[in-house]
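# Just the structure for this:
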Amino acid sequence: MSVFIGLMSGTSADGMDAALVQFDDSGSMHLIDALCLPYSNALRHNLKYLATAEKVAIDSLMMCEKTVSLLAAEACNQLLQRNQINASSVQAIGCHGHTIRHKPQPDGYSWQINDPSLIAEKTGIPCIADFRRRDIAAGGEGAPLVPAFHQYCVNQHPSDCDVMLLNLGGIANLTVLGSSLLGFDTGPGNALMDDWCHRHWQQAYDDEGKLARQGRIQHDLLKQWMSHPYFQQRPPKSTGRELFSLELLLIPDHYSTLDILATLAEFTAMSVAQAIQQHGHPDGMLYVCGGGVDNNYLMQRLQVLLPNHSIASSQAMGIHPHWMEAMAFAWLAKQRVDNQFGNASSVTGAQGGRVLGGWYA
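Presented below is the predicted three-dimensional model:
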């Protein structure tokens, strides 16, 4: 039996997710506990600015990195304290960091601000970090990394039908399980909707999709957004705020704010549905995780656009939808400790499987 902690700070920049995960000798996994430490408005603003700004102040960048890393350590320590677990009982922390730049191949790179030495110092636990660049060095996209974990999860919960997993984080990514593993970023997830809500209603997100439900989808605008060349690229592919931000969408000011929100929700739903129609199973089970699973309107739109699929929260397969990615980085840390591959080359396009992550003790 072994215990790991996984940490994830996603594109939405809403907080630090931490998951305390136990792996049995048989290979099965159990979530002991999880929590999220929300980011302050100032930190959220700075992280979003760093993701798209052409020029940044080095001091500001380094202070953001330190703040994120201290919150990561605090999340770990809170998990241990409330579960009365000693740090020496945890083999390692797997920390993704917070992505501020991601460029796909060719000449790809990916930069996550993170100080694993500080996390190791503040927790007394070895920290494994920098998971993406080994895959990129081998010619891969470095993302998404979670499909290999999704495959592990489905192997723990076998199904008698075709299965796909959709992560509706700030950016959406899809995993298609079958004779070969396929995974890629489909495009926008919650980030555009969340940013619009913050800009116009000073709220972090659209609770259950209640605001979007009041708007009318503007199909001319939707058609324009769906013409983005990213949607015609074949996998492997990955993306982020560099391609999908409110500023780059060039939203006209003659539409109502509710109509734009409804259209942004449809943009996410339609880009996901199109990706599944192009590269996924024609029917079967679609499990959904990430914050978007709580947006009832978005989930309903997905079901309308994918009538041949059964759509359900990943909770139906025993994985809480809010903690899937944090758990993935606990698993990736375990793979590193066990000297096992963490990537899936069929997903990222790397030249082969690679052991991911650097060890900081």
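
# element containing residue 75?
helix 58-82 (DSSP states H and E).

# Quick one: list the elements packing against that helix.
Here helix 58-82 touches strand 2-9, strand 15-23, strand 29-38, helix 41-52, strand 92-103, strand 109-113, helix 116-123, going by 3 or more C-beta pairs under 8 Å, 6 or more residues apart in numbering; DSSP states H and E. All C-beta atoms are positioned from the backbone trio N, CA, C, and that covers glycine.

# and if we set it to 10 Å?
Using 3 or more C-beta pairs under 10 Å, 6 or more residues apart in numbering; DSSP states H and E as the contact test, the elements touching helix 58-82 are strand 2-9, strand 15-23, strand 29-38, helix 41-52, strand 92-103, strand 109-113, helix 116-123, strand 127-129.

# any idea how far the fifth one is from the chain center?
For strand 92-103, the gap between its own C-alpha mean and the chain's C-alpha mean amounts to 10 Å (C-alpha atoms, centre = their mean, to the nearest Å).

# quick one: secondary structure of the residue lying farthest from the centre of the chain?
What lies farthest from the middle of the chain is residue 254; by C-alpha atoms, centre = their mean that is 32.7 Å. Here residue 254 is coil, with the state taken from DSSP: H, G, I helix; E, B strand; the rest coil.

# now it: how far from residue 220?
In this view, residue 254 and residue 220 are 12 Å apart by C-beta to C-beta, to the nearest Å.

# Next, the contact list for residue 16, please.
7-10, 35-39, 68-76, 95, 98, 326 (C-beta atoms under 10 Å, 6 or more residues apart in numbering).

# re the thing from before, just the buried positions in the helix holding residue 75, please.
By neighbour count on 16 or more other C-beta atoms under 10 Å, the buried set for helix 58-82 is 64-65, 67-69, 71-77, 79-80.

# now these as JSON lines including distance to residue 129?
Output for those, formatted as JSON lines (distance: C-beta to C-beta, whole Å):
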{"residue": "64", "distance to residue 129": "16"}
{"residue": "65", "distance to residue 129": "12"}
{"residue": "67", "distance to residue 129": "16"}
{"residue": "68", "distance to residue 129": "12"}
{"residue": "69", "distance to residue 129": "10"}
{"residue": "71", "distance to residue 129": "15"}
{"residue": "72", "distance to residue 129": "10"}
{"residue": "73", "distance to residue 129": "12"}
{"residue": "74", "distance to residue 129": "17"}
{"residue": "75", "distance to residue 129": "15"}
{"residue": "76", "distance to residue 129": "13"}
{"residue": "77", "distance to residue 129": "17"}
{"residue": "79", "distance to residue 129": "18"}
{"residue": "80", "distance to residue 129": "19"}
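
# which two in the residues you listed are spaced the farthest apart?
Using C-beta to C-beta, the buried residues of helix 58-82 reach their maximum pairwise distance at 64 and 80, which is 25.2 Å.

# Flag the shaky bits of the protein, pLDDT-wise.
Applying pLDDT under 70 to the chain flags no residue at all.

# Domains of it: list them as residue ranges, please.
2-142+323-360, 158-317 (automatic domain parsing).

# Would you tell me which of those gets closest to residue 151?
Per C-beta to C-beta, nearest to residue 151 of those: domain 158-317, 5.5 Å.

# gap between the two ends of that closest one?
9 Å (C-alpha to C-alpha, to the nearest Å).

# can you redo the domains of the chain as TSV with distance to residue 150?
Listed next are the domains of the chain as TSV, based on distance: least, C-beta to C-beta, whole Å:
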stretch	distance to residue 150
domain 2-142+323-360	8
domain 158-317	4
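
# now the helix holding residue 75 against strand 109-113, angle please.
Interaxial angle, helix 58-82 versus strand 109-113 (axes from the mean of the first three to the mean of the last three C-alpha atoms, to 10 degrees): 60 degrees.

# What is the neighbour count of the residue lying closest to residue 347 once chain neighbours are set aside?
The shortest distance from residue 347 to any non-neighbouring residue, by C-beta to C-beta, 6 or more residues apart in numbering, is to residue 183 (4.0 Å). Number of residues near residue 183 (other C-beta atoms under 10 Å) recorded here: 29.

# Right, I'll leave it there.
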